[in-house]
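Chemist: quick check, what structure comes out for this input:
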Amino acid sequence: MFLSIIQCLLPTHQPYVSEHIEHIKDLITQIINNEYAYLVGGDVVFDVDEFPNYGQLSGQKLEHNQAGERVAVDSRKRNPADFALWKSAKPGEPSWESPWGPGRPGWHIECSAMSAHYMTFKFDIHGDGIDLIFPHHENEVAQRLHQ
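Modeler: Numbers count the residues shown, from 1 in each chain. As a prediction, this is how the structure comes out:
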């Protein structure tokens, strides 16, 4: 393994998202119950307007973002920056049953749920690529603070 070549400790856990679907659904349920997410069809969407500090980690200001710059604008969302916690099933994609209908986790919730499962305490250091600070890390912070 590459990590042994560079003399790094091996990771304690190497989780797969598919093994944590129940943890992901539980976290989404907590976020919904705390009124930080809403349902749109079979999708569950995080409401960034409910998090006044959204953008603080990355220094991004919502008012400076161009709707549709990264992803197509979804007119069903309250705010174009709102992001998927759960996406309804589409043909040819993996899906699991959920309280919101069959679907799959959004990208950001996967990391939040798995880290919450393995690190049952709050943690200050989360390593990853700087290119992921917005929106990925920003969305992870929003999810974890509102569970």
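
Chemist: switch to C-alpha atoms for all contacts and neighbour counts from now on
Modeler: Will do.

Chemist: which strand or helix spans the residue positioned nearest the centre of the chain?
Modeler: The residue lying closest to the centre of the chain (C-alpha atoms, centre = their mean) is residue 108, at 2.1 Å. In this structure, residue 108 is located in helix 107-118 according to DSSP states H and E.

Chemist: what comes up buried for that helix?
Modeler: Along helix 107-118, these residues count as buried under the neighbour rule (16 or more other C-alpha atoms under 10 Å): 107, 108, 109, 110, 111, 112, 113, 114, 115, 116.

Chemist: list the contacts of the residue nearest to the third one when sequence neighbours are not counted.
Modeler: Read that as residue 109. If you skip the residues right next to it in sequence, residue 109 has residue 85 as its closest partner in space, 5.8 Å away by C-alpha to C-alpha, 6 or more residues apart in numbering. Residue 85 is in contact with 28, 43, 44, 45, 46, 105, 106, 107, 108, 109, counting by C-alpha atoms under 8 Å, 6 or more residues apart in numbering.

Chemist: strand partners (parallel or antiparallel) of the longest strand anywhere in the chain?
Modeler: With secondary structure taken from DSSP state E, the chain has its longest strand at strand 83-88. Using DSSP bridges, the neighbouring strands of strand 83-88 in the sheet come out as strand 43-46 (antiparallel), strand 103-105 (antiparallel).
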